[in-house]
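> whatever this is, show me its structure:
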Amino acid sequence: MCGWIKRNFIKKDFGLFLVIGGINTVTGTVFAFLFSLCLQPNIAFIAWYITALTFAYLLNSFFVFKTELGFVKFFKFAISYIPNFIIQNVTVLVVFNLLGLHQFVAYLLAAIIGVPVTFLILKGFAFNRKNTGGVSK
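Numbering: from 1, shown residues only. Below you'll find the model as predicted:
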């Protein structure tokens with residue numbers, strides 16, 4: 001288990017992914033909150049998610065996976081975020097709608113939860129990077 005964690009998460013690409021995710025989380029949480037001032041909070045989350053997905057694709061392509069942009073890659077990137085979207089949307093529904101916490105808290109928690117799963121899916125599926133002896137290609 002420790003070897004698997006090292007091979008997948010104790011690496012420069014995961015660190016960069018976290019930094020970009022942090023940037024996207026902060027800007028996205030603020031924009032989701034701003035969207036929610038004129039939209040229902042769950043709709044605001046979806047609007048933010050689409051905007052953030054495009055921004056994340058650009059940043060991850062340039063800085064984490066260092067690959068050229070392409071429609072197929074963007075499509076695979078978007079598909080890779082479906083599990084994350086489900087996890088995050090359920091989090092917003094539970095934290096905001098059921099627990100009654102502030103929508104800002106709901107957006108922040110939602111942004112944090114799906115990170116490791118999303119990284120593995122992006123690495124293996126969207127950007128076709130597999131581990132080879134513990135070293136990323």
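
> who touches the nearest residue to residue 96 once chain neighbours are set aside in this structure?
In this structure, residue 96 finds its nearest non-sequential neighbour in residue 106, 4.0 Å apart by C-beta to C-beta, 6 or more residues apart in numbering. Just so you know, the C-beta spots here come from the backbone N, C-alpha and C atoms, and that holds for glycine as well. Applying C-beta atoms under 8 Å, 6 or more residues apart in numbering, one finds that residue 106 lies in contact with 41, 91-92, 95-96.

> ok, which pair from those residues is furthest apart?
Greatest spacing in the contacts of residue 106, by C-beta to C-beta: 41 and 91 (12.4 Å).

> what lies in contact with the helix or strand hosting residue 43?
Using DSSP states H and E, residue 43 sits within helix 41-59. Defining contact as C-beta under 8 Å, 6+ apart, one finds that helix 41-59 is touched by 20-21, 23-24, 27-28, 31-33, 35-36, 39, 69, 73-74, 77-78, 81, 85, 88-89, 92-93, 96-97, 103, 106-107, 110.

> give the buried residues for it.
41, 44-46, 48-49, 51-53, 55-57, 59 (16 or more other C-beta atoms under 10 Å).

> returning to that earlier point: now the contacts of residue 106 in CSV, with distance to residue 2, secondary structure and pLDDT?
Formatted as CSV, the contacts of residue 106 follow (distance: C-beta to C-beta, whole Å; DSSP: H, G, I helix; E, B strand; the rest coil; pLDDT from 0 to 100):
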residue, distance to residue 2, secondary structure, pLDDT
41, 40, helix, 82
91, 28, helix, 90
92, 33, helix, 90
95, 32, helix, 94
96, 36, helix, 93
